[in-house]
Every structure is written in structure tokens, then in C-alpha cells.
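Trainee: Here is a sequence with its predicted model. Questions after.
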Amino acid sequence: MKILAIESSCDEFSIGVIENDKILCNVVSSQIENHKQFGGVVPELAARLHLENLNWVLNEVQEKIKLDWNTIDQVAYTANPGLLGSLIIGKMVAETIGTYLDVPIVPLDHIEGHIFASSIDNDFVYPVLALIVSGGHTQIELVKSPNNFEIIGSTIDDAIGESYDKVARVLGFDYPGGPQVDKLAQLGTPTYQLPLSKNDQSYDFSYSGLKTAAINLIHNLNQKQEPIKINDFCASFQEAATKVIAMKLERAIQEYKPQTLTVGGGVSANSRIRTTIMELGKKYQIHKTIIPKFEYCTDNGAMMAQLAYAKFTEK
């Protein structure tokens, strides 16, 4: 079984190819430099750039693995969630390839793909408790099989990645600012007081309040002409942003008793998030505690190919 999968939900156009549970290639065209001047992703620009870059990606895939197109058994693509224009480009490419090759065309869920990024080179033991942290999502999902996903908690407003980037922008960092906040946080001490948003007994999240509090604190310090201890500020923000995740995820582990613990999404590259997952896995003796390779944290075709293969081969 050889599957070609397309991921185009936001500002990356990517194609991954999998054969018999082995990723053969993962080609990604990133647009970060194009969107940096705007301080975030511009949806129409993202879709236009997908159109410009898709030929390069297809050619790169063929060159990397000397792909014989007639050996493709299935074409998968990200159907939702994501930017509408970007999703349409991916769907059109998938339908064109699938129709030409006369093979099945399979729509997939982007979030489920992020979860299965961790199963590349690893085997899930079900049930899986998965934390999804990205620019647009903050969720906890219980996965009972490749075709059985249950959202047990989600953000009610801003996602964690969005709050990182917006606070970073006020601090003067270029987009995407989240990784820069993480880097400086590791050098500082959390001495600034910031709230733990949605600190309750639910599994839901809220980052609007933390984002607003952090930005207001920056403005207040600037108005008073007090210097911001940037490392300590980043450490304080990161502590508030990730501590509530650790608390809620720990309660979910106690309630659902997973056999596998994992994390996915762009913010899964965050140092504190990765440490939290490993610490909880060790504390509760979850032997299958998996964090994805950095190359599979951001949007990529390999994760969608892995998801498609898992769904197709589920017994």
C-alpha cells in the first residue's frame, strides 16, 4: 500500500509518501518569510503561494524517491480544519492526481494528522491521550483507534500558539515569535505575575485573558519607563501558558488512564511542553510516552500520510 498525502491547511504546502508504514519522503514548502512582514499568516496570500509552489513540491517528491506514479494506491488530503483557500488548493491537487491515476481520494482531519505525527517510527498502544497545541488549536483528545477520536477539552477563544505570537509581536519579535519566547524563557526566571487562564476543573482552555494580561503588563511597564527583564518576562509568560496545560493533562491521565501519551502541533516543539509530557509520562509510568521529531511538529505531508495509512490498515 503506497499513499500520497497532501497537507495545505495553512502556510505550508507539503506532500508525504508512505509505503507499508514507512515514510518515503516528506517535502515541505514553507511561506514564513512571505508572511513575516505582515506579522502573521495572510489567508489569500497563502493560497496564492500554494499555487505557485505546488509544482516545485511535486517535482521534488518525484526526484527524491524516483516516484513511479502508477504505484500510488491512494491519494489523501487535508479537508479540514484550516484556511478555506489553502484547503481548496490541496483538495484540487488531490482530486487531479487521484482522478488521473484512478485511485481512491481520501479527505482527512488536520488535527488527527498532528496526533499521528508521533506514530511515525513509533507504535501507538490504545487508548492514546493526545495534547494538540498549535497556532489555531489547543485540545486534549482521547484516541481509541485511528478512526475513533474524542475531543475532551478545547480552547474557548485564543489558542496557545496564537497567544505566544501576539505577545512576542508586542515585545518586538518577528513572526513567528513563539520560538523566540521559548528560547529566552529558558534563560530567565518567572518573576512577573501573570494569570492562569481557565484554571478550573474542565479540560477546556482559554488564552485570551493571559494574552491580554501580558500585553497590558508590557504597556504599563513601558509607560512607567521601567525596563522589561526580557528573559524573566518570557519565562513568566511561558510558565503561565504551560502550567495550566500540565494541570489539566494530569487530571485527564488520572481519569482516562491512557496506554500512550503524546503531543502534536507546532507548539509541540516548545521546550516546556515537551518536558511536561515526558515528566507526566514518567510520573504515571506510561511506557508509550512519545513526542514527535521536530520535523513533524509543524504542518507536513508525512503526518497526513501516516494517518491515512493507519486508517486504511486498521483491523
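Mentor: Nice, I can see it.

Trainee: can we go C-alpha only for contacts and neighbour counts from here?
Mentor: Fine.

Trainee: which residues touch stretch 26-42?
Mentor: 10-17, 46, 49, 53, 57, 60-61, 169, 174-176, 300-302 (C-alpha atoms under 8 Å, 6 or more residues apart in numbering).

Trainee: Okay, and which of the residues you listed map to strands?
Mentor: 12, 13, 14, 15, 16, 17 (DSSP state E).

Trainee: contacting residues around the second one?
Mentor: Read that as residue 13. Going by C-alpha under 8 Å, 6+ apart, the list of residues near residue 13 reads 6, 7, 28, 29, 30, 50, 53, 54, 57, 90, 300.

Trainee: buried stuff in the helix or strand harbouring the fourth one?
Mentor: For residue 29, the host element (DSSP states H and E) is strand 22-30. Burial within strand 22-30, assessed by neighbour count using 16 or more other C-alpha atoms under 10 Å, is assigned to 23, 24, 25, 26, 27, 28, 29, 30.

Trainee: Any chance of these in CSV with distance to residue 294 and pLDDT as columns?
Mentor: Shown next, in CSV, are the buried residues of strand 22-30 (distance: C-alpha to C-alpha, whole Å; pLDDT from 0 to 100):
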residue, distance to residue 294, pLDDT
23, 15, 97
24, 17, 97
25, 15, 96
26, 13, 97
27, 14, 97
28, 13, 96
29, 16, 96
30, 15, 91
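
Trainee: ok, so of the residues you listed, who is nearest residue 253?
Mentor: residue 23 (30.2 Å; C-alpha to C-alpha).

Trainee: Spell out the residue ranges of the helices in the stretch 101-250 of the chain.
Mentor: Using DSSP state H, counting those that start in this stretch, the helices found in the stretch 101-250 of the chain span residues 110-116, 160-170, 178-185, 208-223, 230-256.

Trainee: For the protein, give me the ranges with low pLDDT.
Mentor: 315 (pLDDT under 70).

Trainee: domain parsing for it?
Mentor: Domain assignment for the chain by automatic domain parsing gives 2-120+296-313, 128-292.

Trainee: quick one: terminal-to-terminal distance for stretch 121-129?
Mentor: 18 Å (C-alpha to C-alpha, to the nearest Å).

Trainee: now what about it, what contacts it?
Mentor: The contact list for stretch 121-129, computed with C-alpha under 8 Å, 6+ apart, reads 22, 140-145, 253, 256, 258-262, 288.

Trainee: from these, which would you call buried?
Mentor: Buried among the contacts of stretch 121-129 (16+ other C-alpha under 10 Å): 140, 141, 142, 143, 145, 253, 258, 259, 260, 261, 262, 288.

Trainee: how about the fourth one, what does it touch?
Mentor: Right, residue 143. Taking C-alpha under 8 Å, 6+ apart, one finds 126, 127, 128, 129, 130, 149, 150 in contact with residue 143.

Trainee: Which pair in the residues you listed has the greatest spatial separation?
Mentor: Going by C-alpha to C-alpha, the pair spanning the contacts of residue 143 furthest: 126 and 150, at 12.8 Å.

Trainee: Compare these two (neighbour count), which wins?
Mentor: Taking neighbours as other C-alpha atoms under 10 Å, residue 126 and residue 150 compare with residue 126 leading, 16 against 11.

Trainee: ok, now how distant is the spatially most central residue of the chain from residue 143?
Mentor: By C-alpha atoms, centre = their mean, the chain has its centre lying nearest to residue 265, at 1.5 Å. Between residue 265 and residue 143 the computed distance is 16 Å (C-alpha to C-alpha).

Trainee: what does residue 31 give?
Mentor: Counting by C-alpha to C-alpha, the gap from residue 31 to residue 143 is 31 Å.

Trainee: Next, the contact list for residue 287, please.
Mentor: With contact taken as C-alpha under 8 Å, 6+ apart, residue 287 is in contact with 259, 260, 281.

Trainee: Which ones among the residues you listed lie within strands?
Mentor: Using DSSP E, the contacts of residue 287 in strands are residue 260.

Trainee: now the contacts of residue 287 in CSV, with distance to residue 204?
Mentor: As requested, the contacts of residue 287 are arranged in CSV below (distance: C-alpha to C-alpha, whole Å):
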residue, distance to residue 204
259, 22
260, 21
281, 21
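
Trainee: From the contacts of residue 287, pick the one nearest residue 120.
Mentor: Distance to residue 120, by C-alpha to C-alpha, is smallest for residue 260 among the contacts of residue 287, at 13.9 Å.

Trainee: What residues are bridge-paired with that closest one?
Mentor: residue 128, residue 288 (DSSP bridges).

Trainee: contacting residues around it?
Mentor: Taking C-alpha under 8 Å, 6+ apart, we find residue 260 in contact with 124, 125, 126, 127, 128, 129, 286, 287, 288, 289, 290.
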